[in-house]
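Undergrad: pasting the sequence and the predicted model now:
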Amino acid sequence: MVLELYEREGKVRKIIREWVLPPKISFLLVSILVNFIRDIKYLNVNFKKNVSLKGAEKGKRCFILGTGPSLKEQNLKKLETEVVIGVSGLFNHDDINFIKPTYYILAPVFEYHLKYNKKESYISWLRSMDAALDDNVIMVMHAGDKRYIEESDLFLNKRVYWVKYKAWSGDPLKNLSLTDIPEILSVSEAAIHLALFLGCEKNYMLGFDHNWFEALHTYFDNKKYNKYFENIGLKAVKKFGFDSEFQMRRHAKIFYKYKMYFALKKNIFNANSNKDSYVDVFPMVDYESVIKNEDLL
């Protein structure tokens, strides 16, 4: 889902860019304003402890797990002793007690998604997530969700790190910070950002199929994943305009961001089981070979 705030800021940028100032200057002014507003908005949030995660997994390999249908073809129990970053609805996976994600990162939930489904739906979703995940997991969540999380007594037994997002011009990424993550259109971007911040030597992506053209909201288990929300599938397409053009624009921006992350250390790999995947941003590797330490990339 496109982020509502991103849409709103995008309109402001477009007006300034087309009618007032050159692109670089307009972006600079808008980003200063946007980031200033966010800094004020989250003034009471403690971001200082985020630095403790910098390099926390240095030298280790990391498996970043999405929620795409390709996960059905892979034995995730083999990740039991690995550093794993989980996202979104991965907690619904049958093998979640074997996977036991080390880290779990979410895109902004309430602040950007309340227009799509009711607040109670997201609370129920998060409550199930809290119950399914091991209490040793480190949660990485958007500062805008802090109030809702605390009001609902969620994740009380888990360590939670709060992050915020900043305007991004599309320029090469440098000096990654876990406090200010470049704005995202998919939680996969934030997960990669986290893996690189943790200092992981090699990062393998599984379950990020990006098959949104085939069917919206298609996961490793649609029934489990979609039971919390009313607006899914074709209903969401018709109601919010998530058509093919929307998805093409979204894909282009996400894949471009992927390239920027890959350019930093060239240590991100696509380990999806789908060999015909059109996601060609990262080198494709064989999951089983990686598990056996036979992959030479």
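TA: Everything's here; your move.

Undergrad: ok, longest strand in the protein?
TA: Once the chain is assigned using DSSP state E, the strand that runs over the most residues is strand 159-166.

Undergrad: who does that one touch, helix- and strand-wise?
TA: The contact analysis (3 or more Cβ pairs under 8 Å, 6 or more residues apart in numbering; DSSP states H and E) places strand 159-166 against helix 23-41, strand 138-142, strand 180-182. Any C-beta I mention is one placed from the backbone N, CA and C, and that applies to glycine too.

Undergrad: mean confidence score for it?
TA: Averaging pLDDT along strand 159-166 yields 94.

Undergrad: just want the angle from it to strand 138-142.
TA: Put simply, strand 159-166 runs at 30 degrees to strand 138-142, going by axes from the mean of the first three to the mean of the last three Cα atoms, to 10 degrees.

Undergrad: going forward can the numbers begin at 18, since that is how I track them
TA: Sure, I'll start counting at 18 from here, so that last one is strand 176-183.

Undergrad: partner strands of strand 176-183, parallel or antiparallel?
TA: Here strand 176-183 has these sheet partners by DSSP bridges: strand 155-159 (parallel), strand 197-199 (parallel).

Undergrad: next one: that strand to chain centre, how far?
TA: 12 Å (Cα atoms, centre = their mean, to the nearest Å).

Undergrad: contacts for that strand next, please.
TA: Identification of contacts with strand 176-183 by Cβ atoms under 8 Å, 6 or more residues apart in numbering yields 48, 51-52, 55, 59, 62-64, 66-67, 70, 125, 154-161, 163, 166, 195-201, 207.

Undergrad: at 7 Å what do you get?
TA: Strand 176-183 has contacts (Cβ atoms under 7 Å, 6 or more residues apart in numbering) with 52, 55, 59, 62, 64, 66-67, 70, 155-160, 163, 195-201.

Undergrad: give me the buried positions along that strand.
TA: Using 16 or more other Cβ atoms under 10 Å as the test for burial, strand 176-183 gives 177-182.

Undergrad: again, but for stretch 99-118
TA: Quick answer for stretch 99-118 (16+ other Cβ under 10 Å): 99-110, 112-113, 116-118.

Undergrad: just to revisit the earlier point, mean pLDDT lowest where, among the strands paired with strand 176-183?
TA: strand 197-199 (a mean of 93).

Undergrad: identify the residues contacting it?
TA: Applying Cβ under 7 Å, 6+ apart, the external contacts of strand 197-199 come out as 180-183, 185, 190, 207, 210.

Undergrad: these: which two are farthest apart?
TA: Farthest apart among the contacts of strand 197-199 by Cβ to Cβ are K181 and L190. That separation is 16.5 Å.

Undergrad: mind checking how far stretch 77-92 is from the chain centre?
TA: Its chain's C-alpha centre and that of stretch 77-92 lie 14 Å apart, by Cα atoms, centre = their mean.

Undergrad: which outside residues touch that stretch?
TA: 96, 99-107, 110, 205, 208-209, 212, 215, 217-226, 228, 235-237, 242, 289-291, 304.

Undergrad: which of these are buried?
TA: 96, 99-107, 110, 205, 208-209, 212, 215, 217, 219-226, 228, 235-237, 242, 289-291, 304.

Undergrad: quick one, strands of this structure?
TA: Using DSSP E, strands in the chain cover 78-82, 100-104, 120-122, 155-159, 176-183, 197-199, 219-223, 285-287.

Undergrad: and R266, which of the ones you listed is closest to it?
TA: Comparing these against R266 with Cβ to Cβ, the closest turns out to be strand 197-199 (17.3 Å).

Undergrad: lowest confidence element among the helices and strands of the chain?
TA: Taking mean pLDDT, DSSP states H and E as the measure, the chain has helix 21-36 as its least confident helix or strand, at a mean of 54.

Undergrad: returning to that earlier point: CSV for the strands of the chain, including distance to Y275?
TA: As requested, those are exported to CSV (distance: least, Cβ to Cβ, whole Å):
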stretch, distance to Y275
strand 78-82, 12
strand 100-104, 15
strand 120-122, 16
strand 155-159, 19
strand 176-183, 17
strand 197-199, 12
strand 219-223, 9
strand 285-287, 8
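
Undergrad: what's the closest of these to I140?
TA: I140 lies closest, by Cβ to Cβ, to one member of these: strand 155-159, at 13.9 Å.
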